[in-house]
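**Student:** Return a 3D structure for these sequence lines:
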Amino acid sequence: MPKIPSEYSHRPTKPQDLKGQANGFVLLEVLVAMTLIATGWISLGNTYQKLVLLMGQLGARREQIHQELDQHEIAQATAAKIVSRESLLNESTGVPRRIHTMPHLGRASIKK
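**Tutor:** Numbers count the residues shown, from 1 in each chain. Presented below is the predicted three-dimensional model:
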């Protein structure tokens with residue numbers, strides 16, 4: 001067993017003797033812990049604010065896109081109504097033009 005110098009002999013070495021000296025945290029440890037917690041809360045709040053701002057901007061942009069899409073669809077429907085009125089004047093009333101049979105121009109006819 002190594003010999004302990006006399007200058008360290010006044011310090012307790014048994015766990016029950018050390019128990020009385022470790023009564024709590026040192027002020028520096030408490031300040032470091034509080035700083036870490038406060039920094040975490042501040043960064044979390046900052047991140048939350050950025051996310052809320054970003055979601056608000058995306059919502060406004062999405063609403064603008066929907067309005068533009070609605071205006072485009074209304075314009076297309078209006079244009080389709082005008083075109084359909086003009087095309088109805090040139091078609092027969094019974095069957096629309098697109099249902100008529102088309103001649104097969106690419107195939108040779110087989111004659112027997």
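
**Student:** max-length helix in this protein?
**Tutor:** helix 27-90 (DSSP state H).

**Student:** what stretches of this protein score poorly on pLDDT?
**Tutor:** 1-23, 85-112 (pLDDT under 70).

**Student:** can you list the residues that contact stretch 71-79?
**Tutor:** Counting contacts by Cβ atoms under 8 Å, 6 or more residues apart in numbering, no residue outside stretch 71-79 touches it. For glycine as for every other residue, the C-beta is placed from the backbone atoms N, C-alpha and C.

**Student:** Just the buried positions in it, please.
**Tutor:** When burial is assessed from 16 or more other Cβ atoms under 10 Å, stretch 71-79 yields no buried residues.

**Student:** From Gly56, how far out is Arg62?
**Tutor:** 11 Å (Cβ to Cβ, to the nearest Å).

**Student:** For Leu58, list the residues it contacts.
**Tutor:** Per Cβ under 8 Å, 6+ apart, neighbours of Leu58: none.

**Student:** Against Glu73, how distant is it?
**Tutor:** Leu58 sits 22 Å away from Glu73, going by Cβ to Cβ.

**Student:** for Leu36, same thing?
**Tutor:** With Cβ to Cβ as the criterion, Leu36 and Glu73 are 54 Å apart.

**Student:** One more: Met55?
**Tutor:** Relative to Glu73, and taking Cβ to Cβ, Met55 is found at 26 Å.

**Student:** Also Leu44?
**Tutor:** For Leu44 relative to Glu73 (Cβ to Cβ), the value is 43 Å.

**Student:** So which residues make contact with stretch 27-39?
**Tutor:** Contacts of stretch 27-39 (Cβ under 8 Å, 6+ apart): Phe25.

**Student:** change it to 10 Å
**Tutor:** Outside stretch 27-39, the residues that touch it by Cβ atoms under 10 Å, 6 or more residues apart in numbering are Gly24, Phe25, Val26.

**Student:** Perfect, that will be all.
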